[in-house]
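K.L.:
Any chance you could fold what I've pasted below:
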Amino acid sequence: MTSSPAEQESTGTRRGKTVALKDGSVHLLVGSASFRVEKGVLSSAGARLPAQTSVRVPFGRALPLEAEEPSEIVLFDGSETRLRDVGRRTVPEAWTAAADALVKDAPRLLLCLGFSYTGKNFFCTHLANRFRAAGKRVCVIDADPDQTEIGPPGCVGLLDMNDPVLFFSQALPTALQYVGSHSVIARPAVVLAAAQRLVNKALHERRAEVVLVNVPGWTAEDSGRCFHALLSTLLSPDRTIVLQRKDESEHLVRGVPVSRTVRLRASEFAARSSADERKRYREERTTAYYQNRRLLVLPFHHVSSAGASFLSGYPQKIVNEKILYVERMPSELEGVLVAVPEPLSPVEADKIKRTYERPALKQIVAGSEAGVQVGLADENGDTLALGVIQKFDFSERHIEIWTPLALGREDKVKILQFGTLRLTLDGREDGSVDAGKF
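P.N.:
Numbers count the residues shown, from 1 in each chain. Down below sits the predicted model:
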């Protein structure tokens, strides 16, 4: 496994601190950190790191380094303060035995579940690398829109693995589904639909021999139980892997046959993160995603919407000077949608309802859309990229969106997928909007 040319250049021109690692020693490096293997060979997460491999450990993640022979690494930017000798392997023997058995049996669809902070991410990485080393075509799906490693936060992501990885975030995602929230609790049905959609894509379009789904750690309460039950029903996995400290997640697999269940103890090295740390991880991922953004202009007539009333109705003639734009909704109960420079008074609103002969009125106040994140999807509903709305230009009848969507793909954008997230252009979280606001 090698780093990108950019990574090699960035580490190769910096001065760092050289650290010798004894044969068989095991260290843990906590991110943010970066290093280069100078001599020898290391292994981590089922992947080998030969000399001249450069690695960046993201904030909020940790990487075990096992020396297969006497080795040296060069740590950059003060990373030596985040390296510690743990004295023993971080991959339990039970994990290794389970991975051996799974690679031998080669089940096609696997779910990995358990509470947060049990080591699911690391185990999925280790297992995916093991399958890849055995020559299997492996697809991994990260169904946690909060701390996802595949694609930007707010998405369920799919990675078709071509090479071993230390973090799934090292590779560009193969496919995304925007779910419009960082919280699976807020939009469970959308996350379920996205996961099922990407599993189908992995099995039928990518022709994966192994599909591994990393499930969010929302396991408690009736709603969490229901989410996992529905996910298992929708996907019908060949194996369900549960990581738990004692038996706190046993209720999730109680009805699964023993022959299709793999029970493992949680990693003792899995550390809890605070809400602020989780937010920082999301914002760093989001900032990186929008680094190469550009302004995309989409005419109203070119796109429809999902998760919003705007652009789902029929444009009408404007007959009131207080209205910037108007759509008649398909259903009479939904009424009429209007864009206005400022909220209408009850009297003005009643007048407009009478004018358009509709019993209900929905208002979009111009400017309230700024900063709302949307998915840019094709005609099939597959998310091509994410974008941050700059404005709805009601006079010119177009939408201005900041997005990293590749040049030449503009005509493929047919659907705007609305959610509840609001961002600044530098990737910072800027509150939320109510579902269905637009």
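
K.L.:
Name all residues that make contact with F310.
P.N.:
Contacts of F310 were listed using Cβ atoms under 8 Å, 6 or more residues apart in numbering, and they are 327, 337, 364, 392, 438. Backbone N, C-alpha and C define where each C-beta goes, glycine included.

K.L.:
Surely the fourth one is in a helix?
P.N.:
No. According to DSSP: H, G, I helix; E, B strand; the rest coil, F392 belongs to no helix; its state is strand.

K.L.:
Please name the nearest non-neighbouring residue to it.
P.N.:
E369 (5.2 Å; Cβ to Cβ, 6 or more residues apart in numbering).

K.L.:
Secondary structure class of the one you found, three-state.
P.N.:
Quick answer, by three-state DSSP: E369 is coil.

K.L.:
how many other residues sit next to K17?
P.N.:
15 (other Cβ atoms under 10 Å).

K.L.:
go on, A308?
P.N.:
21.

K.L.:
my read: it touches T420, true?
P.N.:
No. The pair A308 / T420 is not scored as a contact, 11.1 Å apart, by Cβ atoms under 8 Å.

K.L.:
A101 in helix, strand or coil?
P.N.:
A101 is classified as helix under three-state DSSP.

K.L.:
and the gap between it and H302?
P.N.:
Counting by Cβ to Cβ, to the nearest Å, the separation of A101 from H302 is 52 Å.

K.L.:
of the two, who's got more company?
P.N.:
H302 (14 against 11).

K.L.:
Which helix or strand contains F418?
P.N.:
Element membership for F418, per DSSP states H and E: strand 415-423.

K.L.:
Can you give the distance of that strand from its chain's centre?
P.N.:
Relative to its chain's centre, strand 415-423 lies at 14 Å (Cα atoms, centre = their mean, to the nearest Å).

K.L.:
Could I get the average pLDDT for it?
P.N.:
In this model, strand 415-423 has a mean pLDDT of 97.

K.L.:
That strand pairs with which strands?
P.N.:
Partners of strand 415-423 in the sheet, by DSSP bridges, are strand 304-306 (parallel), strand 372-377 (antiparallel), strand 429-432 (antiparallel).

K.L.:
Identify the residues contacting the longest one?
P.N.:
By that I understand strand 372-377. So strand 372-377 is contacted by 154-155, 176-178, 180, 296, 306, 383-389, 401, 403, 405, 413-419, 421-423, 433, 438 (Cβ under 8 Å, 6+ apart).

K.L.:
which stretches of this structure form helices?
P.N.:
5-12, 93-105, 120-133, 188-200, 221-235, 275-289, 346-355 (DSSP state H).

K.L.:
Could you identify which of those helices is most buried?
P.N.:
helix 120-133 (a mean of 23; mean count of other Cβ atoms under 10 Å).

K.L.:
and the angle from that one to helix 93-105?
P.N.:
40 degrees (axes from the mean of the first three to the mean of the last three Cα atoms, to 10 degrees).

K.L.:
model confidence over helix 120-133, on average?
P.N.:
95.

K.L.:
just stretch 98-110 next, same as before
P.N.:
96.

K.L.:
what about the strands in the stretch 1-150 of the chain?
P.N.:
17-21, 26-30, 33-39, 41-44, 47-50, 54-57, 62-67, 71-76, 83-85, 109-113, 138-142 (DSSP state E, counting those that start in this stretch).

K.L.:
what's the closest of the ones you listed to H228?
P.N.:
Judged by Cβ to Cβ, the one of the strands of the stretch 1-150 of the chain that comes nearest to H228 is strand 109-113, at 6.5 Å.

K.L.:
Need the CA coordinates for the closest one. CSV is fine.
P.N.:
This file holds the C-alpha atoms of strand 109-113, laid out as CSV (Å, rounded to 0.1, in the frame of the first residue of the first chain):
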residue,chain,number,x,y,z
LEU,A,109,-23.3,-10.1,2.9
LEU,A,110,-22.2,-9.3,6.4
LEU,A,111,-23.5,-6.8,9.0
CYS,A,112,-21.2,-5.5,11.7
LEU,A,113,-23.1,-4.0,14.6
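
K.L.:
Check which helices and strands it sits against.
P.N.:
Applying 3 or more Cβ pairs under 8 Å, 6 or more residues apart in numbering; DSSP states H and E, one finds that strand 109-113 contacts helix 120-133, strand 210-214, helix 221-235, strand 239-244.
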